[in-house]
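In: Below are the sequence and a predicted model; questions follow.
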Amino acid sequence: MAGSQSNSSSSSNLSIDHSSPYFIGSSDNPNFLLVTTPFDGNGFNSWKRSIIISLSAKNKLGFVDGTISKPLTSSPNYPNWYRANSMVIIWLLNSLSKNIAESVLFLQTAYEIWNELNQRYEQSNGALLYQIQQQIFSLSQGSENFSSYFTKLTKVWDELRIVQKFPPCSCESAAAIPKFLEEQRLIQLLMGLNDSYKILRGQILMMKPLPSVSTAYSLIIQEEQQRGITNNSQINLDSIAMHALSDVQINKKQLICNHCKKSGHTKSQCYRIIGFPSNFKFTKGKKEEPKSMAQNVATK
């Protein structure tokens with residue numbers, strides 16, 4: 001029985017053109033994940049962008065944006081639509097946290113679920129712009145390496161680019177808009193750098209014209225790599241010096257004087273033969289002092 005249902009499903013799918021949004025490929029299964037991290041109520045715009053990209057790649061975006069409408073139940077396309085719509089619903093539910101998924105579980109179409117999520121979590125442009133701009137100016141490198149800091153900043157820039165759309169323009173000033181935005185991003189990037197990049201930051205700001213963000217990124221990465229090489233070289237030199245000092249101390253302990261029978265020197269270096277230096281500190285000097293004074297009294 002199960003085999004006949006599987007064969008029936010396969011034969012039904014074979015009759016659908018591969019370019020049709022109703023087509024379900026071998027990789028299109030209920031366990032497929034549209035995003036790696038389920039949406040939990042935070043970062044809706046980033047999650048939404050990822051969902052749109054994944055559904056577009058699967059040729060299923062029309063089920064959520066309304067371009068593929070629900071056919072009549074009497075239509076021959078209804079079974080194919082129902083099957084594909086159900087698959088998209090499962091993918092959306094898999095992309096949501098448990099609590100949010102349960103709140104939209106009983107909606108009938110992927111389009112209804114998508115609309116509900118947009119109405120519930122999508123912010124107005126004004127509030128969203130404020131939030132993104134606040135993130136940009138609060139971001140700083142801190143204890144992170146430059147690449148990690150740059151990745152975080154780029155993510156926020158991408159969110160701003162989606163929200164802050166500029167209308168198409170063919171006037172002479174159109175070319176100045178991208179240049180203005182690029183300079184703004186460069187300044188934001190340099191503002192968040194650690195003070196250890198103070199000299200390089202000043203050099204970049206003195207360039208005429210100002211370099212692109214990509215050029216600034218390359219310059220900062222080169223500086224970071226150079227610092228890593230210098231630090232490693234210094235560590236290696238310190239390590240070599242410590243090992244050399246340790247070897248000298250070990251070799252010194254292995255020396256035995258044949259005259260005084262003490263370690264640390266040879267007979268040719270023995271102070272008892274060649275004489276003690278003027279600044280030599282005797283370890284038993286304080287104990288021998290009373291004896292010397294007694295001898296002096298007895299002599300007198």
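Out: The structure has been received and is ready for your questions.
In: can you pull the buried residues of stretch 22-39?
Out: In terms of neighbour count (16 or more other C-beta atoms under 10 Å), stretch 22-39 has its buried residues at 22, 23, 24, 28, 34, 35, 38, 39. In this view, the C-beta of every residue, glycine as well, is placed from N, C-alpha and C.
In: meant to ask about stretch 207-227
Out: Burial within stretch 207-227, assessed by neighbour count using 16+ other C-beta under 10 Å, is assigned to 210, 211, 213, 216, 217, 219, 220, 223.
In: could you dump those to a markdown table with pLDDT and secondary structure?
Out: Formatted as a markdown table, these follow (pLDDT from 0 to 100; DSSP: H, G, I helix; E, B strand; the rest coil):
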| residue | pLDDT | secondary structure |
| --- | --- | --- |
| 210 | 91 | coil |
| 211 | 92 | coil |
| 213 | 92 | helix |
| 216 | 93 | helix |
| 217 | 92 | helix |
| 219 | 91 | helix |
| 220 | 91 | helix |
| 223 | 87 | helix |
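In: Give me the below-cutoff pLDDT ranges for this structure.
Out: Across the chain, residues meeting the criterion (pLDDT under 70) sit at 1-14, 124-125, 166-167, 169-170, 229-255, 264-267, 278-300.
In: all helices for the stretch 101-250 of the chain, in order.
Out: Assigned by DSSP state H, counting those that start in this stretch, the stretch 101-250 of the chain shows helices spanning 110-121, 125-138, 146-163, 176-191, 198-205, 213-253.
In: Figure out which of the ones you listed is closest to residue 92.
Out: Ranking the helices of the stretch 101-250 of the chain by distance to residue 92, with C-beta to C-beta as the measure, places helix 110-121 first at 5.4 Å.
In: any residues touching that closest one, and which ones?
Out: Outside helix 110-121, the residues that touch it by C-beta atoms under 8 Å, 6 or more residues apart in numbering are 39, 41, 44, 48, 63-66, 85, 88-89, 92, 96, 100, 104, 107.
In: ok, and the most crowded of those?
Out: Counting neighbours by other C-beta atoms under 10 Å, residue 63 comes out on top of the contacts of helix 110-121 with 29 neighbours.
In: Please list all residues in contact with it.
Out: By C-beta under 8 Å, 6+ apart, residue 63 lies in contact with 21, 55, 84, 85, 88, 109, 110, 111.
In: Which element, helix or strand, includes it?
Out: Using DSSP states H and E, residue 63 falls within helix 62-65.
In: Hmm, residue 186 is touching residue 212, no?
Out: Yes - applying C-beta atoms under 8 Å as the test, residue 186 and residue 212 come out as touching, 7.4 Å apart.
In: so what sits against both of these two?
Out: Counting by C-beta under 8 Å, 6+ apart, residue 186 and residue 212 have no common neighbour.
In: For residue 48, give its distance to residue 61.
Out: Using C-beta to C-beta, to the nearest Å, residue 48 is found at 12 Å from residue 61.
In: re the thing from before, which pair of the contacts of helix 110-121 spans the longest distance?
Out: Among the contacts of helix 110-121, 41 and 85 lie farthest apart (C-beta to C-beta), at 25.1 Å.
In: what's around the nearest residue to residue 89 once chain neighbours are set aside, how many residues?
Out: Using C-beta to C-beta, 6 or more residues apart in numbering and skipping the chain neighbours, the partner closest in space to residue 89 is residue 110 (5.1 Å). The criterion is other C-beta under 10 Å. On that basis, residue 110 has 25 neighbouring residues.
In: right, and the helix or strand after the helix holding residue 63?
Out: Next helix or strand after helix 62-65 toward the C-terminus (DSSP H and E): helix 78-94.
In: sorry, back to before: quick one: which of the helices of the stretch 101-250 of the chain is nearest residue 80?
Out: Among these, the nearest to residue 80 by C-beta to C-beta is helix 110-121 (14.4 Å).
In: quick one: the closest one to helix 78-94, angle?
Out: Taking axes from the mean of the first three to the mean of the last three C-alpha atoms, to 10 degrees, one finds that helix 110-121 is oriented at 30 degrees with respect to helix 78-94.
In: Please export the C-alpha coordinates of helix 110-121 as CSV.
Out: As requested, the backbone C-alpha atoms of helix 110-121 are provided in CSV (Å, rounded to 0.1, in the frame of the first residue of the first chain):
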residue,chain,number,x,y,z
ALA,A,110,2.3,29.7,3.7
TYR,A,111,1.2,33.1,2.5
GLU,A,112,-1.0,33.5,5.6
ILE,A,113,1.9,32.5,7.9
TRP,A,114,4.3,34.9,6.1
ASN,A,115,1.9,37.8,6.4
GLU,A,116,1.3,37.1,10.1
LEU,A,117,5.0,37.1,10.8
ASN,A,118,5.5,40.3,8.9
GLN,A,119,2.7,42.1,10.7
ARG,A,120,3.9,40.9,14.1
TYR,A,121,7.6,41.5,13.9
